[in-house]
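*Asks:* Just the structure for this:
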Amino acid sequence: MRLRAVFIPILGMAAATETCSAAPLQDALHAYGIQAWHIGRLWNFTLGLCVLVFSAVVAAFLFALWRAPRSDAQTPPDLSSLERPERRIHRTVAWAAGLATLGLLALLAADVFTSRALGRLPLQDAVNIELIGHQWWWEARYLDPDANRQFTTANELHIPVGRPVIVTLRSDDVIHTLWVPNLHGKRDMIPGRTATMQFRADQPGTYRGQCAEFCGLEHAMMALLVEAEPNAQYEAWAERQRQPAPALDAGPAGDAARRGRALFLAHSCARCHTINGTGATAAMGPDLTHLAGRKTIAAGMLPNDTKHLASWIRDPQTLKPGVYMPVNRMRPDELQDLLAYLETLK
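*Replies:* Next up, the predicted model:
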């Protein structure tokens with residue numbers, strides 16, 4: 001028992017190390033979208049004003065120390081201010097209060113102008129996504145007036161560069177907060193309420209999002225990758241996501257994958273996950289229809305490769321304690337068959 005108490009924190013540190021390699025670090029200092037640029041400009045203005053105020057306070061403090069009369073233990077107290085008003089000090093305090101008020105009004109005005117700028121993003125030809133926070137993963141539903149063009153994925157958003165994106169935010173359990181600092185600010189996701197975030201990526205790249213509201217034991221391991229790509233590349237990706245799971249090779253090369261699919265459907269996997277085109281239609285866990293096409297697993301915690309996927313299937317509770325996915329006890333040959341099937345889901 002004592003060994004387990006030592007071993008689990010070590011695994012947690014190893015998992016944190018893996019997270020850095022699986023998902024890029026957040027970067028709040030570089031804006032790659034117009035909304036993030038507006039927020040960054042407000043931050044720079046606020047920082048500059050606060051630095052100015054701090055410098056003025058420190059300068060006034062040092063000046064007061066320099067001008068203060070020197071004394072020692074034998075010097076009698078100066079009580080002259082009790083008999084005559086200190087008009088100079090009163091004027092100084094009044095000026096300081098006035099300047100502080102002007103500074104606060106400037107911050108208020110900057111905040112109002114930034115909020116108005118954020119609300120003026122053109123939304124023609126927008127991509128509509130419903131993003132649902134779960135403990136501890138993200139469910140993304142790409143919406144379309146034509147129900148046949150809608151699809152669901154998990155823990156990754158793909159968006160076209162230069163087109164606005166409207167993300168409707170919901171929580172399935174506790175309070176979460178979405179934060180993709182390169183593209184926008186934070187937005188709370190409160191159970192029973194709906195919020196909206198609108199942004200546009202102006203440069204292609206991979207941007208990290210993160211739950212920014214403590215939501216339980218694995219809060220820190222709840223990342224979201226946002227892939228901004230040219231419109232043609234995005235449309236090709238979206239078309240692939242609308243398709244059911246790929247057909248398996250009919251020859252001997254597909255034997256292991258077919259055994260893995262049978263195992264998936266017969267095992268507890270199908271009770272929690274969906275794979276379109278099969279009998280697995282549960283919605284408790286992430287949609288796995290195109291799992292092999294994602295960069296990470298476990299909400300950005302691990303790279304999506306055979307080694308880490310096998311570790312995750314065998315014992316997710318060791319890698320991410322408290323996650324709802326149970327330990328899966330299966331023979332090594334069964335695990336290899338299941339991996340062979342999951343790797344076809346591209």
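
*Asks:* Name the SS class of residue 177, please.
*Replies:* Secondary structure state of residue 177, per DSSP: H, G, I helix; E, B strand; the rest coil, is strand.

*Asks:* pretty sure it contacts residue 188?
*Replies:* Yes. Between residue 177 and residue 188 there is a contact under Cβ atoms under 8 Å: 5.1 Å. For the C-beta atoms, the positions are set from N, CA and C on the backbone; glycine is no exception.

*Asks:* Between the two, which contacts overlap?
*Replies:* Overlap of the contact sets of residue 177 and residue 188 (by Cβ atoms under 8 Å, 6 or more residues apart in numbering) consists of residue 213.

*Asks:* how does this structure divide up, domain by domain?
*Replies:* As assigned by automatic domain parsing, the chain contains the domains 127-241, 252-342.

*Asks:* And the strands in the chain?
*Replies:* According to DSSP state E, the chain carries its strands in the segments 127-134, 137-143, 151-154, 156-160, 164-171, 176-179, 186-189, 195-200, 205-211, 223-229, 296-297, 302-303.

*Asks:* Nearest to residue 239, out of the ones you listed?
*Replies:* strand 151-154 (9.5 Å; Cβ to Cβ).

*Asks:* Okay, now the sheet partners of that closest one, with direction.
*Replies:* Using DSSP bridges, the strands paired with strand 151-154 are strand 137-143 (antiparallel).

*Asks:* Return the set of buried residues in the strand it pairs with.
*Replies:* For strand 137-143, the neighbour count (16 or more other Cβ atoms under 10 Å) marks 137, 138, 139, 140, 141, 142 as buried.

*Asks:* What of stretch 261-268?
*Replies:* So, applying 16+ other Cβ under 10 Å, buried residues of stretch 261-268: 261, 263, 264.

*Asks:* Let me see the ranges of the helices in the chain.
*Replies:* For the chain, the helices defined by DSSP state H cover 2-22, 34-67, 87-118, 231-241, 255-266, 306-314, 316-319, 332-342.

*Asks:* With mean pLDDT and distance to residue 192 added, can I get those in JSON lines?
*Replies:* Formatted as JSON lines, these follow (pLDDT from 0 to 100; distance: least, Cβ to Cβ, whole Å):
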{"stretch": "helix 2-22", "mean pLDDT": "44", "distance to residue 192": "30"}
{"stretch": "helix 34-67", "mean pLDDT": "92", "distance to residue 192": "26"}
{"stretch": "helix 87-118", "mean pLDDT": "91", "distance to residue 192": "25"}
{"stretch": "helix 231-241", "mean pLDDT": "95", "distance to residue 192": "29"}
{"stretch": "helix 255-266", "mean pLDDT": "91", "distance to residue 192": "34"}
{"stretch": "helix 306-314", "mean pLDDT": "93", "distance to residue 192": "31"}
{"stretch": "helix 316-319", "mean pLDDT": "92", "distance to residue 192": "29"}
{"stretch": "helix 332-342", "mean pLDDT": "93", "distance to residue 192": "35"}
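
*Asks:* which stretch among these comes nearest residue 224?
*Replies:* For residue 224, the closest of those is helix 2-22, at 12.2 Å, according to Cβ to Cβ.

*Asks:* which of residue 177 and residue 188 has more neighbours?
*Replies:* When residue 177 and residue 188 are compared for neighbours, residue 177 comes out ahead with 19 against 14, by other Cβ atoms under 10 Å.

*Asks:* Please name the residues that touch the more buried one.
*Replies:* 186, 187, 188, 189, 211, 212, 213.

*Asks:* Now with 10 Å, please.
*Replies:* Listed by Cβ atoms under 10 Å, 6 or more residues apart in numbering, the contact partners of residue 177 are 133, 169, 171, 186-190, 195, 210-215.

*Asks:* which among those end up buried?
*Replies:* Buried among the contacts of residue 177 by 16+ other Cβ under 10 Å: 133, 169, 171, 187, 189, 190, 195, 210, 211, 212, 213, 215.

*Asks:* Pick out the most distant pair among those residues.
*Replies:* Using Cβ to Cβ, the two most remote members of the buried ones among the contacts of residue 177 are 190 and 210, lying 17.6 Å apart.

*Asks:* returning to what we had before: and which of the buried residues of stretch 261-268 is nearest residue 24?
*Replies:* Proximity of these to residue 24 (Cβ to Cβ) peaks at residue 264, which lies at 30.7 Å.
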